[in-house]
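[1] Compute the structure for the input listed below.
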Amino acid sequence: MNLIIETEFQTGGYEAITVNTAIGFTASEIRPTTGDFAGHTCQAIFATLETDSIRFTLDGTTPSSSVGHLLTAGQNLTIKNANDIAKFRAIKVTANASLKVTYKF
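    Numbers count the residues shown, from 1 in each chain. Below you'll find the predicted structure:
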């Protein structure tokens with residue numbers, strides 16, 4: 001599998017999210033209040049799902065273990081829309097999942 005990292009945006013943050021109950025990206029990562037990108041809004045994310053599977057939505061609705069887009073362990077996700085990033089919600093399918101996220105500005 002080839003991995004392509006987009007370079008049109010600058011990396012501004014990183015976090016590891018344990019996905020169990022419905023969760024979105026951390027607000028302070030999307031719009032930092034300190035550091036180089038304080039006051040800016042995240043324009044893209046690059047994420048890797050390391051364990052288990054998740055389901056996710058981009059419109060703010062709450063996904064369930066059977067509703068939403070399926071992402072399985074080892075797959076990557078890129079979102080290039082500030083509104084979709086803000087409204088992203090994910091939930092585990094069976095067991096807790098580990099989602100590693102890089103925020104781009």
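
[2] For Ala73, which residues are in contact?
    49-53, 97 (C-beta atoms under 8 Å, 6 or more residues apart in numbering). Using the backbone N, CA and C atoms, a C-beta is placed for each residue, glycine as well.

[3] quick one: Phe46 and Gln75 touch, right?
    No. Taking contacts as C-beta atoms under 8 Å, Phe46 lies outside contact range of Gln75: 12.0 Å.

[4] more crowded one of those two?
    Higher neighbour count among Phe46 and Gln75: Phe46, with 21 against 14, using other C-beta atoms under 10 Å.

[5] check which helix or strand covers Ile91.
    Element membership of Ile91, judged by DSSP states H and E, is strand 89-92.

[6] Partner strands of the following helix or strand past that strand and their direction?
    Next helix or strand after strand 89-92 toward the C-terminus (DSSP H and E): strand 97-104. Applying DSSP bridges, strand 97-104 is found paired with strand 11-19 (antiparallel), strand 44-49 (antiparallel).

[7] Can you list the buried residues in the longest one?
    Of the residues in strand 11-19, those with enough neighbours to count as buried (16 or more other C-beta atoms under 10 Å) are 12-13, 17, 19.

[8] Tell me the first helix or strand C-terminal of that strand.
    As assigned by DSSP H and E, the chain's next helix or strand after strand 11-19 is helix 27-30.

[9] hang on, the earlier thing: is it possible to export the strands paired with strand 97-104 to CSV including distance to Ile79?
    Converted to CSV, the strands paired with strand 97-104 look like this (distance: least, C-beta to C-beta, whole Å):
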stretch, distance to Ile79
strand 11-19, 14
strand 44-49, 5
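
[10] Dump these into CSV; add distance to Ile85 and mean pLDDT as well.
    What follows is the strands paired with strand 97-104, written out as CSV (distance: least, C-beta to C-beta, whole Å; pLDDT from 0 to 100):
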stretch, distance to Ile85, mean pLDDT
strand 11-19, 12, 97
strand 44-49, 6, 97
